[in-house]
Each structure stands twice: as C-alpha cells, then as structure tokens.
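Chemist: Fold the following and give me the result.
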Amino acid sequence: MREEAKIEQSFDLKLLGQLMRYSKKMIPIILFCVVLLVISVTADLLRPRILSTIIDGFLSPETVYVTETAAGELKISDEPTDIVIEDGQVIRANASAPLTPTQRSGLNEQRYQVIVKYALFLFTLVLLTMIANASQQYLLNYVGQKVIFTIRSDLFEKLESLPLSFHEHNPVGRLVTRMTNDLNNISELYTSVIVTGLSDIAIIGGSIAMMMSMNARLALVALGVAPFLIIATMIFRRLVREAYRNVRVKLAKINATLSENITGMKTIQIFNQEDKFIDNFRKINDEYKKASLREMRIYAIFRPLVNLIYYTSLISALVYGGFALVRGEIAVGVIVAFTLYIKQLFQPVMELAEKFNIFQSSMASIERIFLLMEEPDTILNPDSPYYPEALKGEVEFRNVSFHYQEDEPILKNISFKASPGQTIALVGATGSGKSTIMSLLTRLYDTIEGDILFDGVSMRDYDKEFIRKKIAPVLQDVFLFSGTIRDNIRLLNKDISDEEIWKAAEFVNAHHFIGKLHRGLDHRVTEGGTTLSAGERQLLSFARALVHDPDILILDEATASIDTQTEMYIQEATKKITQGRTTFVVAHRLSTIVSADQILVLHKGRIVERGNHQSLLAQEGLYYDLYRLQFEQREEVDL
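Modeler: All right, here's what the predicted structure looks like:
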C-alpha cells in the first residue's frame, strides 16, 4: 500500500537513462516521430496564418490593387501600387463599375485561381497533419509496446532467478502490480508524455510567437489572462496529485481484499461469514467511490475554469480587435487567425496539467521496476562451476547453521553424512528444522555457517541449476499449474515424451486415476489442482519427480493427508523410486520410515538422536516417545 501511494517522483535523469537503455534500438523511430511532430506542429501553426491571408487578400471587399501590363491587361497586384490605369485612378472594389465586363471577369478569374491555390495548400496542410499525427501515434505505441515487452520479459526472468527468500517476503499482489500497472504507466510515458508533451509545449510557444508577430498589442490583450491560467494550473496540479494518489491507494486496497477473499472463499463459506465480508468490502468500495468522485470533482471544476479563462481571452481579443478594425488598424483575417491561435493555445495547457500526473506516476513506476531489477541474487554461482556428468549421491552436512531472522536460529551446528543410495529420515516436531534442511539441500537458501557437500565437493562450487536438476522434491504442498496432466508432469519440458510420462505414471501408480479421466494426460487441471484429491496430487508429484530422473530424491511430508488406498500406492512407489537413489524423507507418520538407513531426530534446530528405527527405540528417548504416542493414538482409532 505504501508503494502505491508513492507517485510523486521528481525528474530523475538517472531513471530516464535506465529506461533509455531499453529504447536504444527504437531511437531512429523516436527521432522520426520528432520529425513528424515538427511537421504536425508547423502545419498547425501555419493554418490560421494562411486563413488570415486568404480572408484579407482575396475575400475582404476593402481594397483590391491591380496593375496594367504593357499589352493593356489588368492583373491583381500582391502589394499596394499607385500605377494608374485609363482614368488615372487606383482601382478599388467599390469603384470597379467603370471596368468593362471583360476586365472584371479577368480580375475575378485571377482571384479565383489564387483562392483555389491557397485552399489546396490549406487542405494539404490538414491532410499532412492528419497523416503525421496518425503515423506518430502508431509509431509511439509500437515503441512503447516493444520497450514494455522487453522490460516485462527481463522482469519476469529476474523474478524467476531471485531466491525463495525474496518471494517469501514480497506479496504476490505487489509483484503482479509491478508486471502490470507499473509497466502500463511506463507505456503511457511513451504514448502520452514524451513526444506529445513536446508537441503541446511547441504549440503553446508557437501560438504565442505567431500572435506576437501578427499584432503584438492584440497578443498582449489575449494573453492578459495568462497569470490566472498559470495559478489555476498550479492549484489543479497539486489537488489532482493528492486525489490521484488517494484513488490509487484505495484501488490497491480493493484488489488486495478481493484477492484475499477469493483465495479464502472456502473458509468464508464454511464459517458462514459471507455477510460480514460483504459489508467489509462495501466499506472499502465506498472509500474508493468517494476518492474517485473527489478526483472527478477536481477535473469538473478545472476544465470549466480553463474554458472560462479561454473565453475571457477570446472575448478580450475580439473586443479589442473589433475596435482596432473600425479604426483601420487591423484586418479581419488577423482577428480570425487570433481566435484560432487562442484555441490552439488553451487546449495543450489543459492536457499538460493532466500529463504532469502521468509523468509523475510513470517516474515512480520506473523507480519501483528498476529497484526490483537491481534486487541482488543472494544465491550466486561460482565463476567456474563444477559440472560432473552425474551425482553419485553422497551428501554431507558439516556444522551447518541457518536462520531466517537474525535472532531466531533454525538450525544449529547440524552435521551428518548420507552415503550413495541411503535413505535418511528426518523426524521432529513442527519448527524443528526438517523442511529447512530440505530447502538447503536444493540451495533455495545458502547456509549461514558450515557447508553442504555433494560427492565431497562444496555445494557452492556447483552450478545451482545443475544441483536442482539432479535433485527432485516431492513436496508437502503439491502445487499444480493450470494446464494438462501432461504439462504438470513434465513442467513444460518438451524433450520428455508421452511414453516417458506414462511410464513414470505407471511406476508410481498414478496411471490408475489418470486412466479413469475422460481425456487422460490431456485432462485440464485448474490452478492448484483443486479438482483432484490430495492423494492424486501427490501421485502426480511423484511422477513429476521421477520423470526428471533425479540422482537424489526428497520426500517432504509425502504421505500426509491421503487416503489408505493412495497411501498404499505411494508406499509401493516409494520403495521402487528410492532404489539406487539417495533419499531424504520427512514424515510425521513414523511407520513410513521404519526401514530408513538413518533416522535423524531434530529438536529446536539440533540433532538430538540418530540411528535406525530399532536402535532409536532401544534408546527410549524422544523418538521412542513420538513412536509410542503415535502407536497409542492409532490403537485408539482402531478401537
């Protein structure tokens, strides 16, 4: 929530420099868009000036100057002239009656031709503006999408490479927001701010320059409202920034609540708490509505206020221009041009005020995304990693200590050694460190003290991807992706054939339920595999582990929360899958590990007992107490 509120970000060249790294290949297109911008702005600024020329030069009845050629023909003159004709008088429109019909026709024909030329030129400018704007819009969207595509790909790759500790400390919703909302904000920076913002600034500056060049006094009258416009814009910018921040925070709260409620819908319905959660959501939704309405009110006031200032400027220019026209100090075309320039001046002012907020939001998004990009990977590969063809399966923990929080040690000086092909079972109460040992084995975390060795070589000397390819876990919480049974077993590895998948399924007895599904391996699984039973999900997890042919196997709570039939399938599969592989087993049901080569009993992060099943029972220690407790509970259930 705090990050969502952070939208006020100052202009930061370093951040823009990081963004431009992704735009390097697009620079020619961006420069071409700037050229199109120049063409478009120039055409926009020329149109009122040309219209003024047409009105004053050819449509106004005030004065028409003509010259007489050597052949006696009359021609329209571009500049005033005192050349006499037959009667020694300068020909004016209201004095053209003495001309013959032929002479008048000739003059009108010349006038028509010039008007048509100007009209065609004006139409060409309009067409050129339309083409330039359309091309610019398309190209900017193209650049934005290409840049966002690259950033999104790099960001996803970065998220995939970050250690598990990072993902455990960052909510999913926050990371999804980085991939969606923040990237959309950056896309808007390209399409709505960078070039179009320059266009707005150029239009404002160009319109003022054109008005000053045509009539400085009239321009000063028209721009007399500028201080009020500047003050209104500054107040609007501050108010809308706060309102936009508030809307963003409330929307993030809605998204978080919605995501949480949908995820926990089963619990809500079981405890019959729908009404309370609905009321809670209504309150949050009402807060969002109020925040949105406040933002709308600010816009509803600002736009009419700008229009009021615009019409004040326009009326002032028309009144002053009208008096000047009566006095003969100004032409009609100039007044018409001014009305168009004033309109061109005010439209970008409103857009720039709104684009400023887009710019601020984009800068904050850029900062958040690149902070995520710069997040350090704490699980590093060596410069020259060790790549054996396979692991023999010897695993040794040497004085390993580990903690998630500085003052909360999880493992304390853990040491043990597993020979190739052995089965090592970890036993202990919840929080004793069993699952942490499994996480360290796959190098999801690095040890704080001590070392882990595979075949006598430190884990840190191997490539972490190599280690993870050689170790396959069957986790307590089996996660299935939305897709087919096939995709969930091979995990998008297209090198694994259907024959290998089916062979693995048969090996772990998963073929029993897969064969009963309507589409077999093509059966669609929902996210999390909620349409499958816990036992079926764990059988798929076994098949997933086996199909990747691991050298070391991890069974973390693999037989918990399953029915008797499935447990029999898994126990049978476990015997087959563990043959020839070093296997680490974590189980609360001690009956499943009686055949383990070594059993390590953990208590508060330390190994307090070790040995096989019989030797540990003979010690009558913690393992003996746990086994006796489970045995007595089982007898009570049987009774």
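Chemist: any idea how far Leu164 is from Ile379?
Modeler: 9 Å (C-beta to C-beta, to the nearest Å). Bear in mind the C-beta positions are built from the backbone N, C-alpha and C, glycine included.
Chemist: ugh, wrong one, Ile593
Modeler: In this view, Ile593 and Ile379 are 30 Å apart by C-beta to C-beta.
Chemist: and if you look at Val319?
Modeler: 75 Å.
Chemist: More neighbours: which of the two?
Modeler: Using other C-beta atoms under 10 Å as the criterion, Val319 and Ile379 rank with Ile379 on top: 16 against 11.
Chemist: Report the secondary structure state of the more buried one.
Modeler: Under DSSP: H, G, I helix; E, B strand; the rest coil, Ile379 falls in the coil class.
Chemist: who touches the spatially closest residue to it that is not a sequence neighbour in this structure?
Modeler: In this structure, Ile379 finds its nearest non-sequential neighbour in Pro163, 4.8 Å apart by C-beta to C-beta, 6 or more residues apart in numbering. With contact taken as C-beta atoms under 8 Å, 6 or more residues apart in numbering, Pro163 is in contact with 377-379, 444-445.
Chemist: of the residues you listed, buried ones?
Modeler: Buried by 16 or more other C-beta atoms under 10 Å: 379, 444-445, out of these.
Chemist: Pipe those into a markdown table and attach distance to Val326 and pLDDT per row.
Modeler: As requested, these are arranged in a markdown table below (distance: C-beta to C-beta, whole Å; pLDDT from 0 to 100):
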| residue | distance to Val326 | pLDDT |
| --- | --- | --- |
| Ile379 | 84 | 86 |
| Leu444 | 86 | 89 |
| Tyr445 | 87 | 90 |
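Chemist: quick one: which of the residues you listed is nearest to Asp495?
Modeler: Leu444 (24.5 Å; C-beta to C-beta).
Chemist: so which strand or helix has the spatially closest residue to Gly611 that is not a sequence neighbour?
Modeler: Spatial nearest neighbour of Gly611, excluding adjacent residues (C-beta to C-beta, 6+ apart): Ile599 at 6.4 Å. For Ile599, the element it lies in under DSSP states H and E is strand 598-603.
Chemist: Would you mind identifying the next helix or strand past that strand?
Modeler: strand 606-611.
Chemist: rewinding a little: relative to Asp551, how far out is the residue nearest to Gly611?
Modeler: For Ile599, the distance to Asp551 (C-beta to C-beta) stands at 22 Å.
Chemist: swap in Glu160?
Modeler: Separation of Glu160 from Asp551 (C-beta to C-beta): 24 Å.
Chemist: ok, the two, which is more surrounded?
Modeler: Neighbour totals were compared for Glu160 and Asp551, and Asp551 leads with 19 against 7 (other C-beta under 10 Å).
Chemist: Need phi/psi at the residue nearest to Ile379.
Modeler: Torsion angles at Pro163 (phi, psi; degrees, to the nearest 10) stand at phi -70, psi 160.
Chemist: about what we covered before: the residue nearest to Gly611 - how many residues pack around it?
Modeler: For Ile599, the neighbour count with other C-beta under 10 Å is 22.
Chemist: Now do the contacts for it.
Modeler: 424-427, 593, 609-613, 616, 623 are the contacts of Ile599 under C-beta under 8 Å, 6+ apart.
Chemist: circling back: mind putting the contacts of Pro163 into a markdown table with distance to Leu411?
Modeler: Formatted as a markdown table, the contacts of Pro163 follow (distance: C-beta to C-beta, whole Å):
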| residue | distance to Leu411 |
| --- | --- |
| Asp377 | 22 |
| Thr378 | 17 |
| Ile379 | 17 |
| Leu444 | 14 |
| Tyr445 | 10 |
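Chemist: From those, pick the one nearest Tyr112.
Modeler: Asp377 (75.9 Å).
Chemist: how close does that closest one sit to Asp455?
Modeler: 25 Å.
Chemist: what does Glu375 give?
Modeler: 32 Å.
Chemist: Ok, Ala219 next?
Modeler: Where Asp455 is concerned, Ala219 sits at a distance of 85 Å (C-beta to C-beta).
Chemist: Give the residues shared as contacts by Leu164 and Ile379.
Modeler: 444-445.
Chemist: ok, so of the buried ones among the contacts of Pro163, who is nearest Pro473?
Modeler: Looking across the buried ones among the contacts of Pro163 and measuring by C-beta to C-beta, the closest to Pro473 is Leu444, at 9.8 Å.
Chemist: sec struct for that closest one, please.
Modeler: Going by three-state DSSP: Leu444 is coil.
Chemist: That one is in contact with His167, isn't it?
Modeler: No - applying C-beta atoms under 8 Å as the test, Leu444 and His167 come out as separate, 9.9 Å apart.
Chemist: where along the stretch 351-500 of the chain do the helices fall?
Modeler: 434-441, 464-470, 485-490, 498-507 (DSSP state H, counting those that start in this stretch).
Chemist: Show me what the longest one is packed up against.
Modeler: It stands for helix 498-507. Counting contacts by 3 or more C-beta pairs under 8 Å, 6 or more residues apart in numbering; DSSP states H and E, helix 498-507 packs against helix 485-490, helix 511-516, helix 534-547, helix 564-577.
Chemist: Swap in 7 Å and give it another go.
Modeler: Where contact means 3 or more C-beta pairs under 7 Å, 6 or more residues apart in numbering; DSSP states H and E, helix 498-507 is packed against helix 485-490, helix 511-516, helix 534-547.
Chemist: in it, what's buried?
Modeler: For helix 498-507, by 16+ other C-beta under 10 Å, it's 500-502, 504-505, 507.
Chemist: quick check, nearest of the residues you listed to Ala243?
Modeler: Among the buried residues of helix 498-507, Ile501 lies closest to Ala243 (C-beta to C-beta), at 55.2 Å.
Chemist: so where is the stretch 501-639 of the chain shaky, pLDDT-wise?
Modeler: 557-562, 632-639 (pLDDT under 70).
Chemist: Number of residues surrounding Gly431?
Modeler: Neighbour count for Gly431, taken as other C-beta under 10 Å: 12.
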